[in-house]
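1. fold the stuff below for me.
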Amino acid sequence: MYTCPLCQQNLQLINRQYQCASKHSFDLAKEGYVNLLPVQQKNSKDPGDNKAMMQARRAFLQSAAYQPLSDALNQVVQNAVPSTVLDLGCGEGYYSGRLQQALSNDTTLNGIDISRAAIKYAARHYPAIRFAVASAYQLPFAAHYFDTVIRIYAPSDNHELQRIIQPQGLLISVSPGPAHLVEMKQAVYREVKLHDDKVKPEPGFSHISRQRLSYPLLITAPEQLDNLLQMVPLAWKFTPENRSAFVTSTKQISIDFLLDVYQRH
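-> Numbering: from 1, shown residues only. This next block holds a predicted model:
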């Protein structure tokens with residue numbers, strides 16, 4: 001299933017160690033994941049979300065705030081009747097875990113993320129899914145291995161997507177809609193610029209469909225909103241003072257997702 005991130009040869013699992021013909025080796029962690037992110041592919045010592053960020057996202061997602069997105073995503077994937085699925089930038093596995101429950105046992109589900117802390121958590125909680133620490137820009141998979149790839153807010157490389165997705169396979173992409181978290185922007189910007197809702201072209205793919213999921217999220221506790229803030233880049237725009245005021249005074253926030261489906265040529 002995996003290819004070596006150093007020489008791109010196939011990896012074989014031998015005694016809890018993935019090895020290629022050139023003798024590069026990668027240990028299978030006790031939690032069940034493999035780290036396929038060599039040091040030369042890292043942009044920092046510990047890339048991706050740290051443990052605190054991962055725990056904040058987990059707490060927020062466990063509040064079911066984004067469950068409508070998860071349900072819509074699961075339905076799209078189920079309708080495709082896939083055999084091999086990759087969750088690109090899977091984080092701590094919330095969407096992967098719910099998708100795995102919705103799919104049949106005939107589907108192989110994989111997840112990758114650049115954050116070791118997130119993958120460690122995901123592998124421990126969802127043992128039926130194959131997880132790896134890896135770069136989205138140098139995916140450790142053979143050509144045309146997947147018939148379905150999910151991309152939720154994750155960075156990606158179009159050439160790599162074309163390489164790993166089978167002809168007629170699907171790329172299911174989630175991005176923010178125009179009004180997503182607009183109240184956060186209003187709290188830190190004098191002039192608010194909404195997200196663009198134009199369909200992003202993906203070379204090598206045809207755009208098949210779009211769903212827009214928009215709803216007001218009622219904030220049940222200040223901690224829920226604080227956890228959400230830790231998940232988004234806008235958090236850096238807040239001072240401690242206006243962050244505290246925003247978290248304690250905001251009772252509702254706009255959720256707006258665009259779910260796009262592309263098909264590989």
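2. mind listing residues that contact the worst-scoring helix or strand of the chain on mean pLDDT?
-> Across the helices and strands of the chain, mean pLDDT, DSSP states H and E gives its lowest value to helix 51-62, namely a mean of 91. Contact with helix 51-62 is made by 49, 66, 91-92, 94, 115, 117-118, 121, 223-224, 226-228, 230-231, as judged by C-beta atoms under 8 Å, 6 or more residues apart in numbering. All C-beta atoms are positioned from the backbone trio N, CA, C, and that covers glycine.
3. and it, what's buried?
-> 53-58, 60-61 (16 or more other C-beta atoms under 10 Å).
4. thought residue 100 was touching residue 126?
-> Yes. Contact criterion C-beta atoms under 8 Å: residue 100 and residue 126 qualify, at 6.3 Å.
5. please say which of these two ends up with more neighbours.
-> Counted by other C-beta atoms under 10 Å, residue 100 and residue 126 do not tie: residue 126 has more neighbours, with 23 against 19.
6. per-residue confidence at that one?
-> The score at residue 126 is 97. That number is its pLDDT.
7. next one: residue 43
-> 65.
8. same thing with residue 48?
-> On the pLDDT scale, residue 48 gets 72.
9. which residue, neighbours along the chain excluded, lies closest to it?
-> Distances taken as C-beta to C-beta, 6 or more residues apart in numbering place residue 115 nearest to residue 48, at 2.9 Å, with adjacent residues excluded.
10. kindly report the same for residue 127.
-> In space, residue 127 is closest to residue 32, 5.8 Å off (C-beta to C-beta, 6+ apart).
11. burial count for the one you found?
-> So residue 32, with other C-beta under 10 Å, has 18 neighbours.
12. only alpha carbons, please: show the helix or strand encompassing residue 261 as PDB.
-> According to DSSP states H and E, residue 261 maps onto strand 252-264. Taking Å, rounded to 0.1, in the frame of the first residue of the first chain, the C-alpha atoms of strand 252-264 are listed here in PDB:
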ATOM      1  CA  GLN A 252     -24.200  32.400  17.800                       C
ATOM      2  CA  ILE A 253     -21.900  32.000  14.900                       C
ATOM      3  CA  SER A 254     -22.400  31.400  11.200                       C
ATOM      4  CA  ILE A 255     -21.300  28.100   9.700                       C
ATOM      5  CA  ASP A 256     -21.000  28.000   6.000                       C
ATOM      6  CA  PHE A 257     -19.400  25.100   4.100                       C
ATOM      7  CA  LEU A 258     -19.000  24.300   0.300                       C
ATOM      8  CA  LEU A 259     -18.800  20.600  -0.500                       C
ATOM      9  CA  ASP A 260     -17.500  20.100  -4.000                       C
ATOM     10  CA  VAL A 261     -17.200  16.900  -5.900                       C
ATOM     11  CA  TYR A 262     -14.600  16.500  -8.800                       C
ATOM     12  CA  GLN A 263     -14.100  13.500 -11.100                       C
ATOM     13  CA  ARG A 264     -10.700  12.500 -12.400                       C
END
